[in-house]
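K.L.:
Using only what follows, build the 3D model:
(chains A, B, C and D)
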2 protein chains.
Amino acid sequence: MDNTLVSDQSTEQRILEAARRVFVVKGFAGARMQEIADAAGINKALLHYYFRSKEKLFEQIFREAFGRLLPGLAEIFSRPLPFFRKIELFTETYISLVIEQPYLPVFVLSEMHRNPDDFFQKHIQPEMLASIRQIGRQFAEAAQEGLIRPIDPRQLMLNIMSLCVFPFVGRPMLQRMMQVNDTEYQQLMEARRQSVSAFIIQAIQP
Amino acid sequence: MDNTLVSDQSTEQRILEAARRVFVVKGFAGARMQEIADAAGINKALLHYYFRSKEKLFEQIFREAFGRLLPGLAEIFSRPLPFFRKIELFTETYISLVIEQPYLPVFVLSEMHRNPDDFFQKHIQPEMLASIRQIGRQFAEAAQEGLIRPIDPRQLMLNIMSLCVFPFVGRPMLQRMMQVNDTEYQQLMEARRQSVSAFIIQAIQP
DNA sequence: TTTGTATTTAACCAAATGGTTAAACTATAT
DNA sequence: ATATAGTTTAACCATTTGGTTAAATACAAA
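P.N.:
From the prediction side, this is the model:
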């Protein structure tokens, strides 16, 4: 009565993985249900048997992807740590996260780009915004206390996000522009874990 | 016999503008010829009368967009200027460029993401790569001469690119996360022209 | 007026695509 | 052995979409 556990999980996972790959590369509009089915090693009928529609499948994948992206990061800035240590921890954690799941930022960003408000209303909880504002306040305080060189906290936030995220979002372009192969680029991303926080701290320390 | 000049130009331009808007938001796959025709205030028949196919139309727009993005920037680094001044000039020029044409990076990046190699082979001339390598060498030299703090030149290049480009690519997400309205965000981008170069120089000066 | 280009209208086509359905087969649990 | 869930096959449908075509119209130049 319950072979569903093993079989369901493995097939469902195969589908989800396949869908993720296809959606990430082709986008929602460019993705084909047939291609997803092929990539999962099943057929279209079974695909719709598990996930009723393309939208449903996409939503599920998107929710998973996005859920993994933010929680835990905002939390870092609420810990009782020295300011610079927080920045170190944040960038290192973020970059590590994205190294393991490099598809996340592109996916979220491009979907966000298609219909921003719809997306935002659906997936962003007010708590997230609250913790982001809280981080902004910490930046402002640090500047006022002279702990860091005076800088618009929003610019600082943009800078940190940019340095962490963009090398992953722009990888296809950057990698070819800089003419490095896959393993070299991966090594660069590894090195960024240290490099970025050092760069930021150097830039803002008085 | 030649009313083509006035009429062609204005209609063709209307089409190109409309297509740009649609392609940028929806991507190639998501864009609909009908929607482009509507946005241009004409009908599908006329659309195909001017540009034979969707691919042709897309290619033309893409070529235009991409052509505006790089030339002139690499050139800055070949001028006989102090190193820090080059960085200032580069970031300011780049950010100014993208403020005027904010759709460019998203467009290029997302298309690049769809089929990187095809894209690259088509639109990147070897001269571009040469001048990029040349910039990399300048970074390396500056580090060796002790002009700047020791840093992997590729990381520095990634950092500069990230700081300049990402706030535009990720705008829909960043703007909502930071809860700033359109005019405020534009002001932030204006301010970045100064802010970013200062940030970078502060980070790398010994 | 004639001629040729720009433009519209409207119908049409073929292919792709998301989605459905029914029947059959497999394997497993009870 | 029987029921049940997973899976395949294969046909099918409605809609969308890129693209075409032919006829009519507007319009400016010659």
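K.L.:
hey, let's count contacts and neighbours off CA atoms from now on
P.N.:
Will do.
K.L.:
Give me the local confidence score for the nearest residue to A:L57 once chain neighbours are set aside.
P.N.:
With sequence-adjacent residues excluded and distances taken as Cα to Cα, 6 or more residues apart in numbering or on different chains, A:L57 is closest to A:F51, at 5.6 Å. At A:F51, the model reports a pLDDT of 92.
K.L.:
Quick check: A:F51 vs A:I15, distance?
P.N.:
9 Å (Cα to Cα, to the nearest Å).
K.L.:
Have a look at those two and say which one is more surrounded.
P.N.:
Between A:F51 and A:I15, counting by other Cα atoms under 10 Å in any protein chain shown, A:I15 is the more crowded of the two (24 against 16).
K.L.:
Now for the nearest residue to the more buried one once chain neighbours are set aside: which residues touch it?
P.N.:
Ranked by Cα to Cα, 6+ apart and with sequence neighbours excluded, the top spatial neighbour of A:I15 is A:A40, at 5.1 Å. Contacts here follow Cα atoms under 8 Å, 6 or more residues apart in numbering or on different chains; on that basis A:A40 touches A:14-15, A:17-19.
K.L.:
now the residues you listed as JSON lines including secondary structure and distance to B:F77?
P.N.:
Listed next are these as JSON lines, based on DSSP: H, G, I helix; E, B strand; the rest coil; distance: Cα to Cα, whole Å:
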{"residue": "A:R14", "secondary structure": "helix", "distance to B:F77": "49"}
{"residue": "A:I15", "secondary structure": "helix", "distance to B:F77": "48"}
{"residue": "A:E17", "secondary structure": "helix", "distance to B:F77": "44"}
{"residue": "A:A18", "secondary structure": "helix", "distance to B:F77": "44"}
{"residue": "A:A19", "secondary structure": "helix", "distance to B:F77": "43"}
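K.L.:
Out of those, which two sit at the greatest distance?
P.N.:
Maximum pairwise distance among the contacts of A:A40 (Cα to Cα): 8.4 Å, between A:R14 and A:A19.
K.L.:
picking that back up, just the pLDDT at the residue nearest to A:I15, thanks.
P.N.:
93.
K.L.:
Ramachandran angles for it?
P.N.:
Backbone torsions of A:A40, given as degrees, to the nearest 10, read phi -90, psi -10.
K.L.:
Could you report the separation of it from DNA strand C?
P.N.:
Applying Cα to the nearest atom of the strand, to the nearest Å, the value for A:A40 to DNA strand C is 14 Å.
K.L.:
burial count for A:P71?
P.N.:
Look at A:P71: counted by other Cα under 10 Å, it has 11 neighbours.
K.L.:
Checking it next. Helix, strand or coil?
P.N.:
Under DSSP: H, G, I helix; E, B strand; the rest coil, A:P71 falls in the coil class.
K.L.:
any idea how far it is from DNA strand D?
P.N.:
Using Cα to the nearest atom of the strand, A:P71 is found at 31 Å from DNA strand D.
K.L.:
Could you export the lowest-mean-pLDDT helix or strand in chain A as PDB, CA atoms only?
P.N.:
Across the helices and strands of chain A, mean confidence by mean pLDDT, DSSP states H and E is lowest for helix A:116-123: a mean of 76. Extracted in PDB, the C-alpha atoms of helix A:116-123 (Å, rounded to 0.1, in the frame of the first residue of the first chain):
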ATOM      1  CA  PRO A 116       8.400  41.900 -10.200                       C
ATOM      2  CA  ASP A 117       5.300  42.800  -8.300                       C
ATOM      3  CA  ASP A 118       3.500  39.600  -8.700                       C
ATOM      4  CA  PHE A 119       6.600  37.800  -7.600                       C
ATOM      5  CA  PHE A 120       7.300  40.000  -4.700                       C
ATOM      6  CA  GLN A 121       3.800  39.800  -3.300                       C
ATOM      7  CA  LYS A 122       3.900  36.000  -3.600                       C
ATOM      8  CA  HIS A 123       7.300  35.200  -2.100                       C
END
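K.L.:
residues of it that come out buried?
P.N.:
A:P116 (16 or more other Cα atoms under 10 Å in any protein chain shown).
K.L.:
for stretch A:198-205, same thing?
P.N.:
Neighbour counts over stretch A:198-205 (16+ other Cα under 10 Å) mark A:198-204 as buried.
K.L.:
Switch these over to JSON lines; also include secondary structure and pLDDT.
P.N.:
Shown next, in JSON lines, are the buried residues of stretch A:198-205 (DSSP: H, G, I helix; E, B strand; the rest coil; pLDDT from 0 to 100):
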{"residue": "A:A198", "secondary structure": "helix", "pLDDT": "97"}
{"residue": "A:F199", "secondary structure": "helix", "pLDDT": "98"}
{"residue": "A:I200", "secondary structure": "helix", "pLDDT": "98"}
{"residue": "A:I201", "secondary structure": "helix", "pLDDT": "98"}
{"residue": "A:Q202", "secondary structure": "helix", "pLDDT": "97"}
{"residue": "A:A203", "secondary structure": "helix", "pLDDT": "98"}
{"residue": "A:I204", "secondary structure": "helix", "pLDDT": "97"}
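K.L.:
and of the residues you listed, the nearest to chain B?
P.N.:
Nearest to chain B among those: A:A203, at 3.9 Å, using Cα to the nearest Cα.
K.L.:
Wait, that closest one touches B:S197, no?
P.N.:
No: between A:A203 and B:S197 there is no contact under Cα atoms under 8 Å: 10.6 Å.
K.L.:
helix or strand for A:V24, which one?
P.N.:
Assigned by DSSP states H and E, A:V24 belongs to helix A:4-30.
K.L.:
if you average pLDDT over that helix, what comes out?
P.N.:
78.
K.L.:
ok, now how distant is A:S195 from B:A74?
P.N.:
Distance, A:S195 to B:A74, by Cα to Cα: 25 Å.
K.L.:
more neighbours, the two?
P.N.:
Neighbour count, other Cα under 10 Å: between A:S195 and B:A74, A:S195 has more, with 20 against 17.
K.L.:
So that one, which state does it fall into?
P.N.:
Applying three-state DSSP: A:S195 is helix.
K.L.:
dump the residue contacts of it.
P.N.:
Counted by Cα under 8 Å, 6+ apart, A:S195 has contacts B:Q155.
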